[in-house]
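model this:
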Amino acid sequence: MSKVSSSRSGDGARAGAAKPDRALLFLARLANDLAAVRSLPTLLERVMLALHEETGFDSCTIALLDERVPNALTVRAASGLWAKSRGAALPRDKGLHGTVMDRKVPLLISNLSPDGGTLPRGGKVKSGIYAPLVVSDRAIGVLSAYAAAPGAFTEADLSLLTVVGRYLAGAVEVARLNEQLKQLAATDALTGVANRQSFLDRLGSEIARNRRTGRQLSVVLLDIDGFEIINSVHGHAAGDELLAHVADLLVRYVRGSDMVARWGGDEFGMLLPETTAAQAEKLVARLRPVRITVPHMREAGSYASLSCGLATWPKDAQTPEGLLREADNRLRKMKRLFVRNGVRQSGRR
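Residues are numbered from 1 along each chain as shown. Okay, the predicted model is just below:
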């Protein structure tokens, strides 16, 4: 049975509990660190390091609520006895984390039992303290610390962790907002895939990495055949719908490590890391015959198709600019063949 302790000290209390002056110095350091950090992973790691260095806690974790999975908290950072629990999902409807989340109050447990559903398998944790992370009366996670001995924490430790939790909750929200803004800046608003600049940045990084590893990569530039006619006959709303539909289609054709981007207008780009020319050609061969029906206009018989231009590093070019130029040249060549062969671009069967 878990025992909740509200005692400030005891026979098992950890020696050297945080003193007020030390706590103030620690909070000053932490506040300075949190103000300078904008990356959420970096922020969480700095908090872990600061807690370890300044408090001597055997182990700490930060578990955050993911709005996409509202029924569980995910351990985003962990140290010491809980180090291997990073990424673990903690059910919100049971266990101590769920209790702290729901009640939004800190908790000190002097003698933990393994039946709470929140301890790692094989762990030797005997006592713990928990502080809710609350922003505007909304709980977003739990900051916790653990010790291998029972009765290892005092009320002073809990108070310190609670204050740290208040600072951390606000910093987490700022970091998440910063990540969202970065994501918006890197995403095409209409289609939801990456934008041109994001594609160029990733391409440059991949080529720099491949110069060290010697691996190949391929890029494919694509153009929607028949887009202009569909856009003018059915209206810009239909054209926008077609662009979003093509983006979704391309995403389904690639791997999670690949990137699909809107290059501009009715053009898209595909970045395929660690992909040879032969492997990329197989993908292109699957895309070329695809007839893309305009959503909600099947009865009108409207469709579009794709022209593709493929280039592979380092065989076709040594630089990002050269690689894209080669892919674009091949795309234009395919478009000319498309016209010369008499394939109608009216967008009608």
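
Regarding Ser144, what is its secondary structure?
When the structure is split into helix, strand and coil by DSSP: H, G, I helix; E, B strand; the rest coil, Ser144 lands in strand.

Quick check: bridge partners of it?
Here Ser144 sits in beta bridges with Thr61, Tyr130, as judged by DSSP bridges.

Count residues in the vicinity of it, would you?
28 (other CB atoms under 10 Å). In short, each C-beta sits where N, CA and C put it, glycine included.

any low-confidence regions in the stretch 101-250 of the chain?
Within the stretch 101-250 of the chain, the stretches with pLDDT under 70 are 114-123.

That one: strands as residue ranges?
Defined through DSSP state E, counting those that start in this stretch, the strands belonging to the stretch 101-250 of the chain, from first to last, are 107-111, 127-135, 138-147, 217-225.

Burial check on Trp82, number of neighbours?
With other CB under 10 Å as criterion, Trp82 counts 23.

quick one: it from Ala189, how far?
From Trp82 over to Ala189 the distance is 40 Å, taken as CB to CB, to the nearest Å.

Quickly list the domain ranges of this structure.
The domain map for the chain lists 3-184, 196-340, with the assignment taken from automatic domain parsing.

Would you map the helices across the stretch 151-300 of the chain?
The residue ranges that make up the helices of the stretch 151-300 of the chain, judged by DSSP state H, counting those that start in this stretch, are 155-185, 196-213, 227-234, 236-253, 277-287.

For the fourth one, which helices and strands make contact with it?
Think helix 236-253. Using 3 or more CB pairs under 8 Å, 6 or more residues apart in numbering; DSSP states H and E as the contact criterion, the elements in contact with helix 236-253 are strand 217-225, helix 227-234, strand 259-264, strand 267-273, helix 277-287, strand 292-293, strand 303-313.

just how off-centre is that helix within its chain?
Mean C-alpha position of helix 236-253 versus that of the full chain (CA atoms, centre = their mean, to the nearest Å) differs by 23 Å.

quick check: angle from it to strand 217-225?
Helix 236-253 and strand 217-225 are oriented at 150 degrees to each other (axes from the mean of the first three to the mean of the last three CA atoms, to 10 degrees).

likewise the shortest one?
Counting by the same axes, to 10 degrees, helix 227-234 lies at 40 degrees to strand 217-225.

So for helix 227-234, what gets flagged as buried?
Phe227, Ile229, Ile230, Asn231, Val233, His234 (16 or more other CB atoms under 10 Å).

With adjacent residues omitted, what lies nearest to His52?
Nearest residue to His52, sequence neighbours excluded (CB to CB, 6 or more residues apart in numbering): Ser79, at 5.7 Å.

ok, how many other residues are close to the one you found?
22.

so it makes contact with Glu53?
No: counting by CB atoms under 8 Å, Ser79 stays clear of Glu53, with 10.6 Å between them.

how about the helices and strands packed on helix 236-253 in TSV, adding distance to Glu241?
Formatted as TSV, the entries for those read as follows, by distance: least, CB to CB, whole Å:
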stretch	distance to Glu241
strand 217-225	12
helix 227-234	9
strand 259-264	14
strand 267-273	15
helix 277-287	20
strand 292-293	11
strand 303-313	11
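
Just tell me which of these ends up closest to Leu250.
Of all these, the one in closest proximity to Leu250, counting by CB to CB, is strand 259-264 (4.6 Å).

any idea of the mean pLDDT in that closest one?
Taken as a whole, strand 259-264 has an average pLDDT of 94.

same deal with stretch 75-94?
Regarding stretch 75-94, the rounded mean pLDDT is 87.
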